[in-house]
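In: Sequence and predicted structure are below.
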Amino acid sequence: MTSQTDNGIYARDLDRSGANYHPLTPLTYLERSASVYPEKTAVIHGHARFTYAQFYKRCRRLASALSRRGIGRGDTVSVMASNVPALLEAHYGVPMVGAVLNALNYRLDAGNIAFILGHAQTKLLITDREFSDTIAAALARMDEPPVVIDIDDPIFEGGKLLGEKDYEALLLEGSSDDPHQGPSDEWQAISLCYTSGTTGNPKGVVYHHRGAHLNAIGQILAFGLNQRSVYLWTLPMFHCNGWTYTWAVTAAAGTHVCLRHVDPAVVFPMIKEHGVTHMCGAPIVLNMLVHAPAEQQVSFQHTVEVATGGAAPPSKIISAMEDLGFRVTHLYGLTESYGPAALCAWQSDWNDLDVEARTAMMARQGVAYHTLQELMVADGQSMQPVPSDGSTMGELMLCGNTVMKGYLKNPGATDEAFRGGWFHTGDLAVRHPDGYVEIKDRAKDVIISGGENVSSLEVEELLYKHPAIMEAAVVARPDDYWGETVCAFVTLKPDAQEIDSVEIITWCREKIAGFKIPRTIVFGPLPKTSTGKIQKYVLRKTATEL
Ligand code: ADP
């Protein structure tokens, strides 16, 4: 036979076959861990424990039950749940039948959920009692609601059962002996994650088996997982499939420790009890741990690796986490890149830097994952890369096998995101002489005051260093003279003394250029998105109305 891909002597008789070519998929990770470590604890949830053999059987039962109900290739199965075993199992059982998993963000309202279920044409919805109010209201809005199955988790009290039966009863409909197949093509869709939709209806980001397989390996390499790893689920599994750790931890044959809600009073004791080695979370989660009352901060003897991303971690938070016994790895990514796609890779000479210089290095978003083809900072129109001078701003763009297939039923948005053969992140960044990238702002968050660009992140980074400030967010406020001025919203630490705007502005004065100093300071709690990010668009609106 003649090969399509090679020339010359390599063009003949060197073909793909079952012996040397299979579509990449994360499903094989579970099969392998179950066969190599059948008796090892795979999943912990409250007092319940599942070994790898049991975890695998439960996923196969789910696949079989779905298949017997006629769910298969190209169908969507949605799950509305916090970090419980059923959602983890759906990451395997659903794609085992060729269906696509849509993990719903449980902080969304009924209108958004109804939109997503309709847009995704969900055939079957698995939903936890905890979210029954939202789901009942969402289903009531739908003309053709999906089949509903309940998760009746004894750990949670309250809520209502809405569906035709419970998840455990669904599993009993299937058999773990039924055959199942991996994808026939690695480009086949595996998961559908909706963006938060701050600018209209959410967009459905579609992942494929190949990307999920690769990104999971990327996480193992970035975060150092292995079979001794104990991973605490402080990051929602609905968020980019838990940044693909749902597959990565299984691939490493580590232990998943489920957690319904992030509460420092629970997290610290769990770290100690289970010997947690790894966890992930947005900087806001780290901030919550850092500012937990001292009596909740149960100490532990080992170093816990914590990966943070989703927003820039202020260097103050990195050093405070280190003081508590955590080692911080900084990751960057988006829903469109299966979660983290870049990391601030550690350089050994940073060990010699003082805390301030070291955490400033670590606060940069860094370099591409092994599994991403490439990242570049370039002019959004000409696509010309910016010089690596640490000051010229451009748009951060990504390309590779861990960039989404595209947006579901939205070719216009997909084309726009992929123009010029790169995925446009909408983040503005610089590239340093050492090749590391640093995000200065989201394109829509940059403040232009008197013709000068002000990086909101730079001002926030400074405000976080003020001894009384716990959280800070900076946005543009329209101004007749300057065009825009810097407006800061701050939350003070619970034990901080009252301070006023003048004090903060004076404090900023010696530390930052005049045009970057906030003209307005508003005190109070900050509005957060469903994934814990500060809602700058709400603050921008408030700033406009001040
Ligand atoms: P949404 O777009 O709905 O907020 P995503 O999780 O896809 O949800 O958010 C991706 C965005 O989060 C990125 O475009 C970037 O602006 C921001 N982000 C993610 N990680 C980092 C990071 N390490 N540093 C700074 N910003 C980050």
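Out: All right, it came through fine.
In: contacts for the longest helix that the chain contains?
Out: If each helix of the chain is counted by residues according to DSSP state H, the longest one is helix 52-68. Applying CB atoms under 8 Å, 6 or more residues apart in numbering, the external contacts of helix 52-68 come out as 30-31, 33-34, 37-40, 42-43, 50, 72, 77, 85, 89-90, 92-94, 96-97, 99, 124, 170-178, 180, 250, 253. Yep, even glycine has a C-beta here, placed from its N, CA and C like the rest.
In: can you tell me which of these are in helices?
Out: Counting by DSSP H, the contacts of helix 52-68 contribute 30-31, 33-34, 85, 89-90, 92-94, 96, 170-173, 250 to helices.
In: Is it possible to mark the buried ones in these?
Out: 30-31, 33-34, 85, 89-90, 92-94, 96, 170-171, 250 (16 or more other CB atoms under 10 Å).
In: which two from these end up farthest apart in space?
Out: Greatest spacing in those, by CB to CB: Ser33 and Leu170 (23.6 Å).
In: Tell me the secondary structure of Val474, please.
Out: Three-state assignment for Val474 (DSSP: H, G, I helix; E, B strand; the rest coil): strand.
In: give the contact list for it.
Out: Contact criterion CB under 8 Å, 6+ apart gives 447, 456, 459-460, 463, 486-489, 518 as the residues in contact with Val474.
In: Closest one to Tyr245 out of those residues, please.
Out: For the contacts of Val474, the residue nearest Tyr245 by CB to CB is Glu460; the value is 27.1 Å.
In: Just the pLDDT for the closest one.
Out: Predicted confidence (pLDDT) for Glu460: 91.
In: ok, now Lys516?
Out: The model's pLDDT for Lys516 equals 88.
In: For Ile504, see how far away it is.
Out: Distance, Lys516 to Ile504, by CB to CB, to the nearest Å: 13 Å.
In: go on, Ala103?
Out: Taking CB to CB as the measure, Ala103 and Ile504 are separated by 40 Å.
In: again, but for Gly426
Out: With distances defined as CB to CB, the gap from Gly426 to Ile504 amounts to 30 Å.
In: So the two - more neighbours on which side?
Out: Neighbour count, other CB atoms under 10 Å: between Gly426 and Ile504, Ile504 has more, with 21 against 17.
In: Excluding covalently adjacent residues, which one is nearest to that one?
Out: Leaving out its chain neighbours, the residue that sits closest to Ile504 by CB to CB, 6 or more residues apart in numbering is Ile521, at 5.5 Å.
In: can you check Ser299 too?
Out: In space, Ser299 comes closest to Gly325 once its chain neighbours are excluded; the distance is 7.0 Å by CB to CB, 6+ apart.
In: residues contacting the one you found?
Out: Contact partners of Gly325, counting by CB under 8 Å, 6+ apart, are 299-300, 302-304.
In: The residue nearest to Gly275 when sequence neighbours are not counted - how many residues pack around it?
Out: Nearest in space to Gly275, with sequence neighbours left out and distances taken as CB to CB, 6+ apart, is Val230 at 5.5 Å. Burial measure for Val230: 20 neighbouring residues, criterion other CB under 10 Å.
In: same deal with Glu295?
Out: Applying the criterion other CB under 10 Å, we find 8 residues in the vicinity of Glu295.
In: Next, Ile113: secondary structure please.
Out: helix.
In: Now do the strands in the stretch 301-450 of the chain.
Out: Applying DSSP state E, counting those that start in this stretch to the stretch 301-450 of the chain gives strands spanning 304-308, 326-334, 339-343, 367-368, 374-378, 394-399, 406-407, 423-431, 437-442, 447-449.
In: what packs against the first one?
Out: Which is strand 304-308. Contacts defined by 3 or more CB pairs under 8 Å, 6 or more residues apart in numbering; DSSP states H and E place strand 304-308 against helix 209-223, strand 278-281, helix 283-290, strand 326-334.
In: quick one: contacts of it?
Out: For strand 304-308, using CB under 8 Å, 6+ apart, the contacting residues are 222-224, 243, 271, 276-283, 285-286, 321, 325-331, 340.
In: What's the PyMOL line that selects buried ones from those residues?
Out: Isolation of the buried members of those (16+ other CB under 10 Å) is achieved in PyMOL through the command below:
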select buried, resi 222+223+243+271+276+277+278+279+280+281+282+283+285+286+321+326+328+329+330+331+340
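In: filter the contacts of strand 304-308 down to the ones near the ligand?
Out: His330 (CB under 6 Å from any ligand atom).
In: Summarise which helices and strands the least confident helix or strand in the chain by mean pLDDT is packed against.
Out: Least confident element among the helices and strands of the chain, by mean pLDDT, DSSP states H and E: strand 452-454 (a mean of 78). Where contact means 3+ CB pairs under 8 Å, 6+ apart, strand 452-454 is packed against strand 447-449.
In: Name the stretch among the strands of the stretch 301-450 of the chain that sits most buried.
Out: strand 339-343 (a mean of 28; mean count of other CB atoms under 10 Å).
In: I'd like to know how far the residue of the stretch 1-150 of the chain found nearest the ligand sits from Val79.
Out: Of all residues in the stretch 1-150 of the chain, Asn105 sits closest to the ligand, with a separation of 9.4 Å (CB to the nearest ligand atom). The spacing between Asn105 and Val79, counted by CB to CB, is 11 Å.
In: can you list residues touching both of these two?
Out: Residues touching both Asn105 and Val79 comprise Phe238, with contact defined as CB under 8 Å, 6+ apart.
In: Please list all residues in contact with Val36.
Out: With the criterion set at CB under 8 Å, 6+ apart, Val36 makes contact with Ala253.
In: and with 10 Å instead?
Out: If a contact means CB atoms under 10 Å, 6 or more residues apart in numbering, then Val36 has 52, 227, 253 as its contacts.
In: Okay, now the unreliable bits of the protein?
Out: Applying pLDDT under 70 to the chain flags the ranges 1-3, 196-200.
In: Tell me the residues of the stretch 401-546 of the chain that contact the ligand?
Out: Near the ligand, the residues belonging to the stretch 401-546 of the chain are 425-427, 439, 442, 531, 533 when assessed by CB under 6 Å from any ligand atom.
In: can you count the residues close to Thr485?
Out: Thr485: 20 neighbours (other CB under 10 Å).
In: Just say helix, strand or coil for it.
Out: Taking three-state DSSP as the rule, one finds Thr485 in the strand state.
In: hang on, Ala429 packs against Val446?
Out: No: with contacts counted by CB atoms under 10 Å, Ala429 stays clear of Val446, the gap being 11.4 Å.
In: Find the residues that touch each one of the two.
Out: Overlap between the contact sets of Ala429 and Val446, as judged by CB under 10 Å, 6+ apart, is given by 393, 440.
In: For the longest helix of the chain, list every residue counted as buried.
Out: Applying a neighbour-count criterion of 16+ other CB under 10 Å, one finds 52-67 buried in helix 52-68.
In: Many thanks, we can stop here.
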